[in-house]
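J.: Build me a model:
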Amino acid sequence: MGREQWKKIWVGSAGNMVEWFDWFVYASFAVYFADAFFPKGNDTANLMNTMGIFAVGFFMRPVGGWLLGRVGDRRGRKAALTLTVSLMSASAVLIAIAPTYAVAGYGGIAVLLVARMLQGLSVGGEYAASATYLTEASAPERRGFASSFQYVSMTAGQLLGLGLQIILQRSMSEQALHSWAWRIPFIVGALGAGIVFYLRRSMLETEVYADADDAQVDPDRGTMKALWAHRREAFLVIALTMGGTVAYYTYTTYLTKYLSGTAGLSKPTASLVSFCALFLFMCLQPLAGKLSDRIGRRPLLITFAIGSTFLTVPIMTLLKHAGSFWPALGLSMLALVVVTGYTSINACVKAELFPTGIRALGVALPYAIANALFGGTAEYVALWFKNGGIESGFYWYVSGCAAVSLIVYLTMRETRTIDLHRVGKGADDGTAERVLAS
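T.: Predicted coordinates:
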């Protein structure tokens, strides 16, 4: 693979890294800055209020998917990617400079709320914009490999956030973290977004988009009307995302809490397990993406769905009794190897379903809806089952979501051989019929 191709991969996926860094540090540093924005008194209530503002970001993701997906289809992939990183930078800066309750009363909360809304818009659009760009900018025989860097960058962002948290916790006093040092990760996030913005300003539009000769004359391009014409593919995106996003959030964001709260591991040990598992998981993505370029997307998706359907309950049950670092790491890696069958290629599979004129919106909005409904709620569902005294019910919930996606994978056709240029020019009007089994 040439230097130019690597540059496209880096520029196309780097925003995901910054995005997920910001997303992670808000959740993890909330314990330090929650008291800064609310009246002193009930620490738990303040943290809940702060996380309530965090939840606003999930509600804004479908809005961001619609808005930035439309921009991507009507103005170009470069325009959408540049706008998403601008929103990222603005949200990080706002949080970094937000006035505390002692300075501005509830004005600081208003700034925090606006920042989270901007971050939700950005997250909602970044995934689809980068997925579309990586898929279109790659050679047909390398689309799986290139798009796998979507989750490489997302995982790298989480690892960087976790690493910075560990450094600050070990180098700063608890008082400093609560007083001012919690602003450091958001300053880092803003600087990172600024760098990505600079890189994306010089990026080239994809040939697939540039070759679509109806870019300026089709009034329905990037509209809900055009998406409705491809509603079968849109519902397919929701269905194939359902099992994957639940499994991903279960074994990434929820894993540390599960290991410390249920399996009984110490918090440092649980964090170390998560860090090591995520690092190895990140390294697996390009290998699986490259494999899909050889054997197709469906074999990997079906392998993931079968594994997640039948192995989730045993893995989660064994994790509950892991007891120490190595058993917990081994079981976590087994789960993430299974999940890799979805994460490594889901970006290109979704992009390959739609014509050029509706590709960005077609990926963005259904994916954002599926994430808001299933991925974003996975941790809450898990805690709901736990509070109800039937924690094992969550294991079956994850398996059930995977089983639904398995049915979809078994009934869809291979997308690896789809010619994006021909689809973009309307030569393949029967996209749904070619992709979905009759």
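
J.: hey, let's count contacts and neighbours off CA atoms from now on
T.: Will do.

J.: pLDDT weak spots in the stretch 251-400 of the chain?
T.: Applying pLDDT under 70 to the stretch 251-400 of the chain flags no residue at all.

J.: can you map out the helices along it?
T.: Taking DSSP state H, counting those that start in this stretch, the helices of the stretch 251-400 of the chain run over residues 255-261, 267-295, 297-320, 325-343, 346-351, 359-370, 378-387, 392-411.

J.: Please work out which of the ones you listed is packed deepest.
T.: Comparing the helices of the stretch 251-400 of the chain by mean neighbour count (mean count of other Cα atoms under 10 Å), helix 359-370 ranks first with a mean of 30.

J.: Check which helices and strands that one is in contact with.
T.: For helix 359-370, the elements it packs on are helix 43-74, helix 107-136, helix 231-251, helix 346-351, judged by 3 or more Cα pairs under 8 Å, 6 or more residues apart in numbering; DSSP states H and E.

J.: Just confirm G125 contacts G65, I think it does.
T.: Yes. Using Cα atoms under 8 Å, G125 is in contact with G65, at 4.6 Å.

J.: more neighbours, the two?
T.: Each of G125 and G65 had its neighbours counted (other Cα atoms under 10 Å), and the higher figure belongs to G125 (35 against 31).

J.: Give me the contacts around the one helix or strand F197 maps to.
T.: In this structure, F197 is located in helix 184-201 according to DSSP states H and E. Helix 184-201 is touched from outside by 11, 14-15, 18, 21-22, 25, 78, 81-82, 85-86, 88-93, 95-96, 161, 164, with contacts defined as Cα atoms under 8 Å, 6 or more residues apart in numbering.

J.: Stretch 229-248 too?
T.: 227, 305, 308, 336, 339, 342-343, 346, 350, 353-354, 362-363, 366-367, 369-371, 374-375, 378, 398-406, 408-409, 432.

J.: Alpha carbons only: can I get it in CSV?
T.: Provided in CSV are the C-alpha atoms of stretch 229-248 (Å, rounded to 0.1, in the frame of the first residue of the first chain):
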residue,chain,number,x,y,z
ALA,A,229,-36.2,5.3,-1.5
HIS,A,230,-33.5,3.1,0.0
ARG,A,231,-35.4,2.3,3.2
ARG,A,232,-34.7,-1.4,3.0
GLU,A,233,-30.9,-0.7,3.1
ALA,A,234,-31.5,1.7,6.0
PHE,A,235,-33.4,-0.8,8.1
LEU,A,236,-30.7,-3.3,7.2
VAL,A,237,-28.1,-1.0,8.7
ILE,A,238,-30.1,-0.8,11.9
ALA,A,239,-30.6,-4.6,12.1
LEU,A,240,-27.0,-5.5,11.4
THR,A,241,-25.8,-2.8,13.8
MET,A,242,-28.0,-4.0,16.6
GLY,A,243,-26.1,-7.0,17.8
GLY,A,244,-22.6,-5.6,17.0
THR,A,245,-23.0,-2.3,19.0
VAL,A,246,-24.5,-4.0,22.0
ALA,A,247,-21.6,-6.5,22.1
TYR,A,248,-19.0,-3.8,21.5
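
J.: Having no further points to raise, I will conclude here.
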